[in-house]
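Participant: have a look at this prediction, sequence included:
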Amino acid sequence: MASIPSTTQFSCKSLQKPSQNSKLIPRRFDRVNFSGLLVKKSTKLKQNFNVRAAVSEDEWGPDKEPGVAVLEEEEPTKGLTEIDILKKQLVGSFYGTNRGLSASSETRAEIVELITQLEAKNPTPAPTEALPLLNGKWILAYTSFVGLFPLLSRGGALPLVKLEEISQTIDSENFTVQNSVLFSGPLATTAITTNAKFEVRSPKRVQIKFEEGIIGTPQLTDSIVFPENVEFLGQKIDLTPIKGLLTSVQDTASSVAKSISSQPPFKFAISSSKADSWLLTTYLDDDLRISRGDGGSIFVLIKEGSALLTP
């Protein structure tokens, strides 16, 4: 079959200027109707097309053609596969959801639909047999796991404290997993992590056994910038009147932070009742991972350094 050019013109010379007594009788097929012209649409075309009318100044002048219908092909999405497009749509649907905490029921349904489509096109059907792909640091972009919701909500409720990042680092050579939550404040950043070992149980499933938790040593920030206001328990608090006071205690606070940062991280054991879990990887490629956990919870993670992390 001959290829269809990107721009095709259909001449309408066969159409004559309608007489005053004649009527234009519409055909009974799918059509685009403009300026009295009928253009049949081919049901076999997969390309996207726009139809525009190119007419002369006097459309029905005595020496003028009535016009031409120009079928124009829309600019295709270059270099993107169907999976690439689905991934971009999925990441875009996370906007404003606070990693899933603030997602509406409609948004959740849209996300689940996109996840289902990606899982059906999983390029790595046996993720545990492709362990190098699992290696590295993965940033949590979305979850339906309600166990994380209190953490997500409190991270934004504490004055001057921001939940910066939730991540998971996998070392497939040593079969270890480290989950980490990074908080930042005006003086320092700190992380709470859990260390675990994992065992391969099936081509998609791993069993995870948590061993210990660690509250990291606060790391001083290079500079302290106080915001104009903070939101606490739903109320916006103006910090402008006390900004001078905050600045005056900055040196003292920095001294205290330095003292704290010199201490070793605090480690604690994880109780045996909460130590075991499992994770099913249902989609995996170089920069996106979708996993399902206990109770059907969904986790969507993006590889550190991926372009998908760029808004």
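Facilitator: Happy to help now that I have it. Since the structure is predicted, the reported quantities are computational estimates derived from the model, not experimental observations. Numbers count the residues shown, from 1 in each chain.
Participant: what's the biggest strand in this structure, counting residues?
Facilitator: Looking across the chain with DSSP state E, the single longest strand is strand 188-200.
Participant: what are the buried residues along the helix or strand just after that one?
Facilitator: With elements assigned by DSSP states H and E, the helix or strand that comes after strand 188-200 is strand 205-215. Buried residues in strand 205-215, counted by 16 or more other CB atoms under 10 Å: 205, 206, 208, 210, 214. To be clear about C-beta, it is placed using only N, CA and C from the backbone, and glycine gets the same treatment.
Participant: low-confidence stretches in the stretch 201-311 of the chain?
Facilitator: Residue ranges of the stretch 201-311 of the chain with pLDDT under 70: 220-263, 272-274.
Participant: quick one: contacts of the longest strand of the chain?
Facilitator: With contact meaning CB atoms under 8 Å, 6 or more residues apart in numbering, strand 188-200 is reached by 128, 164, 175-183, 206-221, 257, 260-261, 270, 279.
Participant: partner strands of that strand, parallel or antiparallel?
Facilitator: Note on strand 188-200: by DSSP bridges, its sheet partners are strand 176-184 (antiparallel), strand 205-215 (antiparallel), strand 219-220 (antiparallel).
Participant: and that strand, what's its mean pLDDT?
Facilitator: For strand 188-200, mean pLDDT is 89.
Participant: buried residues, it. List them.
Facilitator: Quick answer for strand 188-200 (16+ other CB under 10 Å): 188, 189, 190, 191, 192, 193, 194, 195, 196, 198.
Participant: farthest-apart pair in these, please.
Facilitator: 188 and 198 (31.3 Å; CB to CB).
Participant: helices of this structure, start to end?
Facilitator: According to DSSP state H, the chain carries its helices in the segments 82-93, 105-120, 131-134, 149-157, 243-248, 250-261.
Participant: redo the buried residues of strand 205-215 as CSV? Include distance to residue 283.
Facilitator: Converted to CSV, these look like this (distance: CB to CB, whole Å):
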residue, distance to residue 283
205, 14
206, 15
208, 19
210, 24
214, 30
